[in-house]
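Participant: here is the input, now give the coordinates:
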Amino acid sequence: MKNSFFAVTALIAFSVAPACAGDGPKSSDKGSKAAEGSKGEAGSGAAAYSVVQIGDNVKVVKTSEVASLREKVNEDFKKGMKSYEDAKKEAQKQKKKFNDTKPVKPVFKEVATALKTEEAANSLRDKTAAKLDAQKKKAREEKSK
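Facilitator: Model prediction:
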């Protein structure tokens, strides 16, 4: 159950819906647009990139999409908790043993913001992903001892 929750969360979190992108500017986007403008963009239409960590996954997104991605991760966690609580209550009503694990809120961390080029963001993403893999490998080795 735990692995399937993370798999579903990862699929949902990493599928950026086109409807979200077309909603227009929101009040939370004002700060990120000001940050983009102050960095001295190379040309018109140039976008700033951010590297974010969601759980064990590292991803490159446009800086303007970070707030909506954070909200999406929080909504997905709330939905997972609601379904967990509903299943737990149903099991109690039927007086059955409930073995599912409680969902864990995934880590949402902005590793870097306002990177000018996608190449720089991709290289930082690769370094961060390698660092996370090394930490997980070390933790598994210590756990197996």
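Participant: from the contact counts, what lies against the longest strand along the chain?
Facilitator: When the chain is parsed with DSSP state E, its longest strand is strand 108-115. Other helices and strands packing on strand 108-115, by 3 or more CB pairs under 8 Å, 6 or more residues apart in numbering; DSSP states H and E, are helix 30-38, strand 49-54, helix 66-93, helix 118-144. The C-beta positions use only the backbone N, C-alpha and C, and glycine is treated the same way.
Participant: would you list these in JSON lines and tack on mean neighbour count, distance to Glu110 and mean pLDDT?
Facilitator: As requested, the helices and strands packed on strand 108-115 are exported to JSON lines (neighbours: other CB atoms under 10 Å; distance: least, CB to CB, whole Å; pLDDT from 0 to 100):
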{"stretch": "helix 30-38", "mean neighbour count": "13", "distance to Glu110": "11", "mean pLDDT": "42"}
{"stretch": "strand 49-54", "mean neighbour count": "22", "distance to Glu110": "5", "mean pLDDT": "95"}
{"stretch": "helix 66-93", "mean neighbour count": "15", "distance to Glu110": "6", "mean pLDDT": "94"}
{"stretch": "helix 118-144", "mean neighbour count": "13", "distance to Glu110": "11", "mean pLDDT": "92"}
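Participant: what's the closest of the ones you listed to Val111?
Facilitator: Taking CB to CB, strand 49-54 is the member of the helices and strands packed on strand 108-115 nearest to Val111, at 4.2 Å.
Participant: contacts for that closest one?
Facilitator: With CB atoms under 8 Å, 6 or more residues apart in numbering as the test, strand 49-54 has contacts from 10, 13-14, 58-63, 66, 69, 73, 106-118, 120-121, 124-125, 128, 132.
Participant: which of the helices and strands packed on strand 108-115 sits closest to Thr101?
Facilitator: Thr101 lies closest, by CB to CB, to one member of the helices and strands packed on strand 108-115: helix 66-93, at 8.5 Å.
Participant: elements contacting that closest one?
Facilitator: helix 2-14, strand 49-54, strand 108-115.
Participant: lowest-confidence stretch among those?
Facilitator: For the helices and strands packed on helix 66-93, mean pLDDT drops lowest on helix 2-14, to a mean of 48.
Participant: give the buried residues for the longest strand of the chain.
Facilitator: With burial defined by 16 or more other CB atoms under 10 Å, the residues of strand 108-115 counted as buried are 108, 111-113, 115.
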